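Chemist: Need the 3D shape of this:
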Amino acid sequence: MGHLSRNRGRAFELRIAKYLSTDSNFTVRRNHFEKSDLTGHPLFTFECKYSSSPLSAKLEQFWKQAIEATEDHKFPALVIGKSRQQSSECMVILSLGDLKKIIEDYEDELNLCLEALD
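Modeler: As a prediction, the model looks like this:
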């Protein structure tokens, strides 16, 4: 991986960490030494991938379908699986904005659960 590519990746990680931390009780930050790219959220581990090339045409088409099929007051979620893959191993794609909204909506409940664990 080239120097420029690493710098773009780091900048993207920092941008996403800042976005997720804004108006939140959790401070999501870039993880310099561990496996995941971002750390600091009690429920989610974030791996960030930045690419200057667009998503594959099929993936973009599938995501557009998911958005168009979404009912009012619901979030689009694209589930991606492959042949002979267990259902629990399939990937789910959400927009980052929707994920942040879900986290914010349940933050009080999450804090209560975390306090009970202490």
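Chemist: ok, residue 99 to residue 67 distance?
Modeler: Going from residue 99 to residue 67 by C-beta to C-beta, to the nearest Å gives 15 Å. All C-beta spots, glycine's among them, are computed from the backbone N, C-alpha and C.
Chemist: Look at the two and report which has more neighbours.
Modeler: The neighbour comparison of residue 99 against residue 67 (other C-beta atoms under 10 Å) goes to residue 99, with 16 against 12.
Chemist: Kindly provide the distance from that one to residue 43.
Modeler: Distance from residue 99 to residue 43, by C-beta to C-beta: 10 Å.
Chemist: could you pull out the strands for the protein?
Modeler: Here the chain has its strands, by DSSP state E, at 29-30, 38-39, 78-80, 91-93.
Chemist: need those strands in a markdown table with mean pLDDT, can you?
Modeler: A markdown table is the format used below for the strands of the chain (pLDDT from 0 to 100):
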| stretch | mean pLDDT |
| --- | --- |
| strand 29-30 | 90 |
| strand 38-39 | 88 |
| strand 78-80 | 88 |
| strand 91-93 | 90 |
